[in-house]
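Novice: Show me the folded form of this:
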Amino acid sequence: MTPLQQIHQSETRTLWFPTPPRHAPSQQIVRIALAGCGVVGGALVRLLNESAAAVSSRYGVRFVITRVLVRDTLRDRHLPIDPGLFTSDLDSFLASDADVVIEAVGGEEPARTIAVSALGRGRKLITANKELISAHGGILHQLAATHHTALDFGAAVGGSAPVVSTLRDLVGSSAPRSVRGILNGTSNFVVSEIERGSTLDKAVAAARGRGLCESDLARDLDGRDAAAKLSIIAWIAFGIKPAELQVRRLSLLPGIEALTSLAGLLGGNLRLLAECTRLDGDRIVGSVEPVLLPANNAFARTSGEENRVEVDLGWTSPLSVSGPGAGGPPTAAAVLSDLVRFTAPPNDRGADARQFVAAADSRRHRWLIAAPIAPIVLSALATAGRVLGGEAQSHDGLSWLITRPATWARANRVLSALRNLGAEPSVARCEIGDDAEAIQ
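Specialist: Predicted coordinates for the structure are as follows:
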């Protein structure tokens, strides 16, 4: 009996790997059905081919792709794979004989159908699809438990940064005080390019050229992608079901160039930060929003498509993980890490999760509110300054106000007033200067 078989035999639940064939008693063959062969799926095919010898030597496993679901079976993908494995027939793909199903098509459908079918048949499911997990993670987790198999989605958050696995490893400890990070590599790349003097259009074109963008780029820049990932983080860290987390989401658009410029003028950097924080012992609040950070802040120094996540456990410094968070190769590497996991991962905090509840964020922050210079805008900002504190200022075609600590509801009233005046205001949380910390 091989060491890998001994590990499998010690498990109390049914496992999803087959018995090794007689002709290769020392090696486990794991059959893979791959849904999607685009940026991520294609990168995974290459990685499995390149790493086959190393994986076999280290884990005693050989991964064999037996079926690939694609839209166009005739397209030449220049991949080391038999084109005869391609199918565009979903029913045929779902019926294929495999030990592991990897979902890399993105979106909710047909991803949900693939996931439910795989888990319902007792197949291990691996996905990099944050939309799928944020919308249906709880149900899929229960389905995996019912059929004694595993749901793994480490690649759905952070790309190559091991965010999910790090949080899973902390399940036995007390819940974090907060989890905070840059979760979208595309938006971080775009902001970094603008900091270097690029325009928004050129920065987006550069991101597309490097294969960093979602099919819907707006999801990257308006925070929806990061919010989906944050809901997964809150599930693993606090046991809040993904669909239940309340996330205040503020877009980088319009005004990404203006906010980036003002951040530099104030001696800092703009970043799109996601965070979930524990308040009063049991309330969990979430937000995804542009934040102005001091230049020496670790997040401010995170550039390009890098992701960075900090977990505050009450230690002298936060636990942090970082790495490329966008593009095919980093995500494929994370999928491979899920592939070589031989036990079902802990995807919630169990009984400990009952103490936490999702809540709206009523904390007070300092807010930077900006709009193109116009007499009526200056007047409105001056009035807001008298109410919220702060002094209206102007520079290089922009007028802006940095408020004293205020709730989002109060800051949003200023934005509404500016919009009613025909202005297009931009907003960011300001952590540069005094009173930068959130006040409960």
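Novice: would you list every one of the helices in the stretch 1-150 of the chain?
Specialist: 3-10, 39-50, 52-59, 90-94, 111-120, 130-146 (DSSP state H, counting those that start in this stretch).
Novice: Next secondary structure element downstream of the last one?
Specialist: Reading on from helix 130-146 to the C-terminus, the next helix or strand found by DSSP states H and E is strand 151-152.
Novice: Adjacent strands (with direction) for that following strand?
Specialist: strand 124-127 (parallel) (DSSP bridges).
Novice: just to revisit the earlier point, now for the helices of the stretch 1-150 of the chain, which one comes closest to residue 77?
Specialist: Between residue 77 and the helices of the stretch 1-150 of the chain, the tightest spacing by C-beta to C-beta is seen for helix 39-50, at 6.0 Å. Backbone N, C-alpha and C define where each C-beta goes, glycine included.
Novice: If I average pLDDT within each of the helices of the stretch 1-150 of the chain, which one is lowest?
Specialist: Among these, helix 3-10 has the lowest mean pLDDT, at a mean of 36.
Novice: What pLDDT is listed against the nearest residue to residue 28 once chain neighbours are set aside?
Specialist: Once flanking residues are discounted, residue 28 sits nearest to residue 61: 4.7 Å by C-beta to C-beta, 6 or more residues apart in numbering. pLDDT, residue 61: 92.
Novice: again, but for residue 147
Specialist: For residue 147, the model assigns a pLDDT of 95.
Novice: repeat for residue 265
Specialist: Looking at residue 265, the pLDDT reads 93.
Novice: burial measure for it, as a count.
Specialist: 13 (other C-beta atoms under 10 Å).
Novice: when you give positions from now on, start the count at 8
Specialist: Sure thing, new numbering starts at 8, so read that last one as residue 272.
Novice: List the residues that contact it.
Specialist: residue 402 (C-beta atoms under 8 Å, 6 or more residues apart in numbering).
Novice: how much space between it and residue 153?
Specialist: Distance of residue 272 to residue 153, computed by C-beta to C-beta, to the nearest Å: 56 Å.
Novice: if we can go back for a sec, mind putting the helices of the stretch 8-157 of the chain into JSON lines with mean neighbour count?
Specialist: As requested, the helices of the stretch 8-157 of the chain are exported to JSON lines (neighbours: other C-beta atoms under 10 Å):
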{"stretch": "helix 10-17", "mean neighbour count": "12"}
{"stretch": "helix 46-57", "mean neighbour count": "21"}
{"stretch": "helix 59-66", "mean neighbour count": "13"}
{"stretch": "helix 97-101", "mean neighbour count": "15"}
{"stretch": "helix 118-127", "mean neighbour count": "21"}
{"stretch": "helix 137-153", "mean neighbour count": "20"}
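Novice: TSV for these, including distance to residue 258?
Specialist: Below are the helices of the stretch 8-157 of the chain laid out as TSV (distance: least, C-beta to C-beta, whole Å):
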stretch	distance to residue 258
helix 10-17	47
helix 46-57	24
helix 59-66	41
helix 97-101	34
helix 118-127	25
helix 137-153	18
